[in-house]
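# sequence and predicted model, in that order:
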Amino acid sequence: MRPTAAAEPFPGFDAADVPRGVAFSRGKVRDIFHCGDTLLIVTSDRISAFDRILGLVPHKGEVLTQLSSWWFDRVGDIVAHHLLATPTARSMHVQRCDVLPVEVVVRAYLTGSAWRDYQAGRPVSGITLPGGMRWNEQLRRPLLTPSTKAGQGAHDRPISCAEVVELGLVAPRLWQQIEETALALFERGRRICAERGLILVDTKYEFGLCDGRLTLADEIHTPDSSRFWFAGHYRELFERGQGQRKLDKEYLRQWLMDHGFLGDGEPPAIPAEVFDQVAQRYISAYETITSKQFAASGDNVEAARQKVLLYLSGLQSESNEEGNVGSDQPPRRQ
């Protein structure tokens, strides 16, 4: 049975929930338990837009976790990834990486922040595009448009590929490898989505180094990290200058922009039905991409927390047996 948005959303963990001796950090969407050389990443139902946490979307964390796991299985021949196991419906046990301080965005269409920059006469991450282009127009080739990583509440800043190297954020040879890998991942994602009647419009990747090896981290080709349009409607809507049919959180971004919010100041109150619509889009994205029906766990908040803590307890026991107890080393960013 298809889950409804009436399910109890999962807000995540608080510091008070964390077992003694376990390092814990909280991102916009993910809660991270640091377990020696590995991490346990729990994806909440929190949703962010314009770098602000704006509410809870039922099932979102489970969709993101399960969809990322599905994609990781399909790109391992392109690049190593950090996923070791998915112990619960919304958690990933992953290898710890030294994550690089750059978000790698690949774009195939002129939309979103790239369109806003273009309209304002600005280059797109240092790339000057031809004049006369239209909203949602396909680019001649996918562009790699990196951005800096901002802290919570701050905005990421687009930079050029040249600046990534010039600022010393990533070494030249490694950045070349990242560029080639990101474009190969995007092509794999584009092809698979096309087989499902979708356009992979743009996406972001996070990379790190694990034992010196380039490793794909975080998530991949999810409604949080990517834009998806329905291919069968693209040409007609583009010619009319109308917005595309979407399967991603751009629906929420557009609602916010329609209500005058672009990330600064106090966001407007978001009705429950908007979050419900976002939930259905996340589920539809999972089902369309994977060709499988989404199966919600049915866990309430307490059950979801206890399953994670039980798995975490098992990791602690293993660590104790191996003699790695009580490591107070500060966690590397993941």
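Yep, that arrived. On a predicted model such as this, the values are computed, not experimentally measured, just so you know.
# isn't residue 148 up against residue 105?
No. Between residue 148 and residue 105 there is no contact under CB atoms under 8 Å: 11.4 Å. Just so you know, the C-beta spots here come from the backbone N, C-alpha and C atoms, and that holds for glycine as well.
# mind checking which of those two has more residues around it?
Using other CB atoms under 10 Å, the more surrounded residue of residue 148 and residue 105 is residue 105, with 25 against 17.
# helix, strand, or coil at that one?
strand (DSSP: H, G, I helix; E, B strand; the rest coil).
# in terms of secondary structure, what does the helix or strand hosting residue 92 contact?
Using DSSP states H and E, residue 92 sits in strand 91-95. Applying 3 or more CB pairs under 8 Å, 6 or more residues apart in numbering; DSSP states H and E, one finds that strand 91-95 makes contact with strand 38-43, helix 60-72, strand 83-88, helix 301-321.
# can you rerun that using 7 Å?
Under the contact criterion of 3 or more CB pairs under 7 Å, 6 or more residues apart in numbering; DSSP states H and E, strand 91-95 touches strand 38-43, strand 83-88.
# most packed of those strands?
strand 38-43 (a mean of 24; mean count of other CB atoms under 10 Å).
# so how far is that strand from its chain's centroid?
Centroid separation for strand 38-43 versus its chain: 14 Å, with CA atoms, centre = their mean, to the nearest Å.
# likewise stretch 140-152?
13 Å.
# list the contacts for residue 68?
Residue 68 makes contact with 219-220, 222, according to CB atoms under 7 Å, 6 or more residues apart in numbering.
# now list the buried members of those residues.
Neighbour-count burial (16 or more other CB atoms under 10 Å) applied to the contacts of residue 68 gives 219-220, 222.
# closest one of those residues to residue 289?
residue 222 (9.2 Å; CB to CB).
# show the contacting residues for the closest one.
Counting by CB under 7 Å, 6+ apart, residue 222 touches 64, 67-68.
# same question for residue 146.
102-105, 125, 159, 161, 164.
# coming back round to it: partner strands of the strand holding residue 92 and their direction?
Sheet pairing for strand 91-95, assigned by DSSP bridges, gives strand 38-43 (antiparallel), strand 83-88 (antiparallel).
# packing partners of the next helix or strand after it?
Using DSSP H and E, the helix or strand that follows strand 91-95 in sequence is strand 98-99. On a contact count with 3+ CB pairs under 7 Å, 6+ apart, strand 98-99 meets strand 198-210.
# name every strand pairing with the strand it packs on and say which way it goes.
Sheet pairing for strand 198-210, assigned by DSSP bridges, gives strand 98-99 (antiparallel), strand 102-109 (antiparallel), strand 213-217 (antiparallel), strand 226-230 (antiparallel).
# for that strand, buried residues please.
For strand 198-210, burial by neighbour count (16+ other CB under 10 Å) applies to 198-208, 210.
# may I ask which two of those are separated the most?
Farthest apart among the buried residues of strand 198-210 - using CB to CB - are 199 and 210, which lie 31.8 Å from each other.
# pLDDT and secondary structure added to the contacts of residue 68, as TSV?
Supplementary listing: those in TSV, determined by pLDDT from 0 to 100; DSSP: H, G, I helix; E, B strand; the rest coil:
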residue	pLDDT	secondary structure
219	96	coil
220	97	coil
222	96	coil
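# identify, from these, the entry nearest to residue 309.
Distances from residue 309 to those, taken by CB to CB, are shortest for residue 219, at 22.7 Å.
# low pLDDT regions in the stretch 151-300 of the chain?
Applying pLDDT under 70 to the stretch 151-300 of the chain flags residues 151-155.
# same thing but 90
Residue ranges of the stretch 151-300 of the chain with pLDDT under 90: 151-157, 247-251, 262-264.
# helices of that one, start to end?
Ranges of helices in the stretch 151-300 of the chain, per DSSP state H, counting those that start in this stretch, are 161-166, 172-195, 231-240, 250-258, 272-290.
# right, and these - which one's nearest residue 59?
Using CB to CB, the nearest of the helices of the stretch 151-300 of the chain to residue 59 is helix 272-290, at 5.6 Å.
# and the closest one, C-alpha only, in PDB?
Taking Å, rounded to 0.1, in the frame of the first residue of the first chain, the C-alpha atoms of helix 272-290 are listed here in PDB:
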ATOM      1  CA  ALA A 272       1.000  21.200   5.900                       C
ATOM      2  CA  GLU A 273      -0.400  20.500   2.500                       C
ATOM      3  CA  VAL A 274       2.800  21.800   0.900                       C
ATOM      4  CA  PHE A 275       4.900  19.400   2.900                       C
ATOM      5  CA  ASP A 276       2.500  16.600   2.000                       C
ATOM      6  CA  GLN A 277       2.900  17.500  -1.700                       C
ATOM      7  CA  VAL A 278       6.700  17.400  -1.300                       C
ATOM      8  CA  ALA A 279       6.400  14.000   0.400                       C
ATOM      9  CA  GLN A 280       4.500  12.500  -2.500                       C
ATOM     10  CA  ARG A 281       7.100  13.900  -5.000                       C
ATOM     11  CA  TYR A 282       9.900  12.200  -3.000                       C
ATOM     12  CA  ILE A 283       8.100   8.900  -3.100                       C
ATOM     13  CA  SER A 284       7.200   9.200  -6.800                       C
ATOM     14  CA  ALA A 285      10.900  10.000  -7.500                       C
ATOM     15  CA  TYR A 286      12.000   6.800  -5.700                       C
ATOM     16  CA  GLU A 287       9.400   4.700  -7.500                       C
ATOM     17  CA  THR A 288      10.000   6.200 -11.000                       C
ATOM     18  CA  ILE A 289      13.800   5.800 -10.800                       C
ATOM     19  CA  THR A 290      14.000   2.400  -9.200                       C
END
